[in-house]
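Enquirer: Quick one, fold the following:
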Amino acid sequence: LAEEASGTLYVATERGLFAARDGVLRRVDALHRRVTALTTHGESLWFTTQGALHRRQASGTQSFVLPAAWAEVAVNEMAWSGDTLWLSTSGGLLRWRQGAMSELALETMPISLRGLAVDEAGNLWVGSDRALYRLQDGQVVERLSAPDSGVLRWPVTILPLDGGLWLGSQTEGLQHFWPGPLRRLSVEEGLIDPFVWSYAEDGARLLIGTNSGVVALEDGRISPLIAPAALPQPVAYSLLLDRSKRLWVGTRAGLARFTREGQPLEVLSAFAGLRINGLMQARDDSVWVASSGGLFQVTGDTVRSYGVEQGLATLAVRFVLQAADGDLWLGTEAGLYRQRGERFENLPLDGKTDVFITSLLQLDDGRLLAGSYDQGLYLLPGDTAGTVTHLGMAQGLPFPNVFFLGVVASWLLVGGADGAYRLPLA
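Expert: Numbering: from 1, shown residues only. Now for the predicted structure:
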C-alpha cells in the first residue's frame, strides 16, 4: 500500500497496480503483472514488477529495466532517503540513484531482506529473518537480533511513527517497538568473543578487552589489536591507556604492557598468577593496580605492595579510585576503604564493614557511589561526615549486583550480571 498526498490509496496486487477511489478499486496500469513493492516520492508513484522499476506521473508511466544481475530477484519493499531509493530484495539491498542501480554489499547483513523504512532521523531500517538492522550513510550501525533484542522475527513491513517502529512479522504478528538508547556490539559486528570485560578510550578509538584478547573499535569497525597468545592469560580483564600511550592489559593471571598499536613491551613479573581487577593512573603518573593479591603502586620500574599491614582486611582488591582531593578509595571483597596517609581505613556501609565492593564512581558534586556484588548501591557524601544512603531492591533497584558505574549526560548508568539500568542524577 502507498498513499499520495492527495489521499489516493494505491494497492499492489498479483494482477497489477490498482487505486482506491470512491470506495472502488480501479486498475491504473496496463502491465497486468504482479506488483511487488511501491512507494511515493514527491508527485511520483514508484513501483516494481519482476525485473523492472516503474515511475508513474501525471504524464504517464516510465519503466526502467533492471540489470541482468537483479532481473530474477524479488523486490519486497522500497523507501526514499534524500535522492536515493532503497530496495530490499531476495538478493540483497539495492539502491537507485541518478538513474543507476547498484548493490550495497555488507558482510554483516544476510542476502534475503524483507521490511524496509526510513525514519524521521534518516535511519534506514532493514528486516531479515534473523535481525533488524539500522543503517546510516550506507553502513550498519546497529543490529537488533531476534528474539534476543526484543524484536520479532521476519519483519516484512516497517512503519516508523512517533520515535518508534511498528513491525509486521511474517510469522509472529504485530509489534510496536521503541529502539532503546543502547547499541549492542557482538560477534556479528566483528568482536572475536562475545564476553567483554573492560574498555579504554583512545581518542576516537575504543579499545575493548574480551575473553580472547583485545580489539579496537574505530569508525564503526572492529579489528583485532592484541591476540590472546600475546597475553599472560587470554582474558583481557582490565585495561588502561596511560598518559604515555602505553596500553596496560590485566588478565586473570598477570599483567603486561603494550604500545597503543598492540606491540608487546613487557610482562610484569611481580604480578605473575594474579587476577588484575582494576588499573588506575594517579595524578603523579604512577599506576595503581587492584588485584587478587592486594593493592600495588607501579612507579617507573618500582613496584610497591599494600595489604594487611596497611589496614586491609583482605588482599582481594576489586577497584581503586583517586578522588578529587587526591585520596585513594578502594573497593575490596571485604569492605570499602579510604586512604589515610600510608594506611587505609575501613568505612562502614549501613553498619556493615565487609560489603563486597565491585565499583566506585565520584560524581561532579563530590559525592561517591559504591557498587556492590549483592547489596546494590551506596551513596556517600563528599566529606564522609554525612549519612550513607543505601539503594537496594527494597528501594526499587531491579537487581542487587553492580559491576559497572558510569555517567551519560544527566543519567547514572548501572550494569550488572542481570542487565543494565539508568537512574536520573538530578
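Enquirer: Just the residues contacting the worst-scoring helix or strand of the chain on mean pLDDT, thanks.
Expert: One helix or strand of the chain scores below all others by mean pLDDT, DSSP states H and E: strand 139-145, with a mean of 86. For strand 139-145, the external contacting residues (C-beta atoms under 8 Å, 6 or more residues apart in numbering) are 106, 108-109, 130-135, 150-151, 179, 183-184, 186, 188-189, 220. Just so you know, the C-beta spots here come from the backbone N, C-alpha and C atoms, and that holds for glycine as well.
Enquirer: That one pairs with which strands, parallel or anti?
Expert: strand 131-136 (antiparallel) (DSSP bridges).
Enquirer: what comes into contact with the partner strand?
Expert: Strand 131-136 has contacts (C-beta under 8 Å, 6+ apart) with 108-109, 115, 122-127, 140-146, 149, 151, 155, 158, 165, 167, 179, 188.
Enquirer: How far off centre is it?
Expert: Offset of strand 131-136 from its chain centre (C-alpha atoms, centre = their mean, to the nearest Å): 13 Å.
Enquirer: pLDDT averaged over it, what's the number?
Expert: Mean pLDDT, computed over strand 131-136, is 92.
Enquirer: Neighbours of residue 365, how many?
Expert: 8 (other C-beta atoms under 10 Å).
Enquirer: For the residue lying closest to it once chain neighbours are set aside, report the pLDDT, please.
Expert: Once flanking residues are discounted, residue 365 sits nearest to residue 382: 7.0 Å by C-beta to C-beta, 6 or more residues apart in numbering. pLDDT recorded at residue 382 is 74.
Enquirer: wait, is residue 382 part of a helix?
Expert: No: assignment of residue 382 by DSSP: H, G, I helix; E, B strand; the rest coil gives coil, placing it outside any helix.
Enquirer: okay, now it: neighbour count?
Expert: Residue 382 has 15 neighbouring residues, counting by other C-beta under 10 Å.
Enquirer: My read is that it contacts residue 367, right?
Expert: Yes: with contact defined as C-beta atoms under 8 Å, residue 382 reaches residue 367; the gap is 5.4 Å.
Enquirer: that older thread, among the contacts of strand 139-145, which are in strands?
Expert: 131, 132, 133, 134, 135 (DSSP state E).
Enquirer: gap between the last one and residue 278?
Expert: Put plainly, it is residue 135. 37 Å (C-beta to C-beta, to the nearest Å).
Enquirer: cool, and residue 315?
Expert: For residue 315, the distance to residue 278 (C-beta to C-beta) stands at 14 Å.
Enquirer: Comparing these two, which residue is more hemmed in?
Expert: Taking neighbours as other C-beta under 10 Å, residue 315 and residue 278 compare with residue 278 leading, 25 against 18.
Enquirer: The more buried one touches residue 238, doesn't it?
Expert: Yes: counting by C-beta under 8 Å, residue 238 is a contact partner of residue 278 at 5.5 Å.
Enquirer: Name the residues contacting each of the two.
Expert: Joint contacts of residue 278 and residue 238 (C-beta under 8 Å, 6+ apart) are residue 250.
Enquirer: Relative to the whole chain's centre, how far out is stretch 52-67?
Expert: With C-alpha atoms, centre = their mean, you get 41 Å for stretch 52-67.
Enquirer: And for stretch 113-132?
Expert: The answer for stretch 113-132 is 18 Å, by C-alpha atoms, centre = their mean.
Enquirer: In it, which of the residues would be classed as buried?
Expert: By 16 or more other C-beta atoms under 10 Å, the buried positions in stretch 113-132 come out as 113-119, 123-128, 131-132.
Enquirer: now, which of those residues sits nearest residue 285?
Expert: Nearest to residue 285, judged by C-beta to C-beta, of the buried residues of stretch 113-132 is residue 123 at 43.2 Å.
Enquirer: OK, contacts around the closest one?
Expert: Here residue 123 is in contact with 134, 135, 136 (C-beta under 8 Å, 6+ apart).
Enquirer: Mind giving me the ChimeraX command for buried ones among those?
Expert: Here is the ChimeraX selection string for the buried members of the contacts of residue 123, based on 16+ other C-beta under 10 Å:
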select :134,135
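Enquirer: Do I have it right that residue 288 meets residue 295?
Expert: Yes: contact status for residue 288 versus residue 295: in contact at 6.8 Å, counting by C-beta under 8 Å.
Enquirer: what is in contact with the two at once?
Expert: Joint contacts of residue 288 and residue 295 (C-beta under 8 Å, 6+ apart) are residue 320.
Enquirer: Mind listing the residues bridging to the closest residue to residue 350 other than its chain neighbours?
Expert: Spatial nearest neighbour of residue 350, excluding adjacent residues (C-beta to C-beta, 6+ apart): residue 390 at 4.6 Å. Counting by DSSP bridges, residue 390 forms beta bridges with residue 378.
Enquirer: Any idea how many residues pack against residue 390?
Expert: Counted with other C-beta under 10 Å, residue 390 comes out at 19.
Enquirer: That one and residue 362, how far apart?
Expert: Distance of residue 390 to residue 362, given as C-beta to C-beta: 18 Å.
Enquirer: now residue 329
Expert: For residue 329 relative to residue 362 (C-beta to C-beta), the value is 8 Å.
Enquirer: Pick out whichever of those two has more residues nearby.
Expert: The neighbour count for residue 329 versus residue 362, taken as other C-beta under 10 Å, is higher for residue 329 (22 against 18).
Enquirer: re earlier: among the contacts of strand 131-136, which ones are buried?
Expert: 109, 115, 123-127, 140, 142-146, 149, 151, 155, 158, 165, 167, 179, 188.
Enquirer: List the contacts of stretch 406-416.
Expert: Here stretch 406-416 makes contact (C-beta under 8 Å, 6+ apart) with 361, 363, 369, 371, 377, 399-405, 420-426.
Enquirer: Is there a quick ChimeraX command that grabs whichever of the residues you listed are buried?
Expert: Selection of buried members from those for ChimeraX, criterion 16+ other C-beta under 10 Å:
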select :361,369,371,377,400,401,402,405,422
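Enquirer: just checking, which of the contacts of stretch 406-416 belong to strands?
Expert: 361, 369, 371, 377, 404, 405, 420, 421, 422, 423, 424.
Enquirer: contacting residues for the second one?
Expert: Residues touching residue 369, when contacts are defined by C-beta under 8 Å, 6+ apart, comprise 360, 361, 362, 363, 377, 378, 379, 380, 405, 412.
Enquirer: And for the fifth one?
Expert: Listed by C-beta under 8 Å, 6+ apart, the contact set of residue 404 reads 359, 371, 413, 414, 415, 416, 420.
Enquirer: I am finished for the moment; much appreciated.
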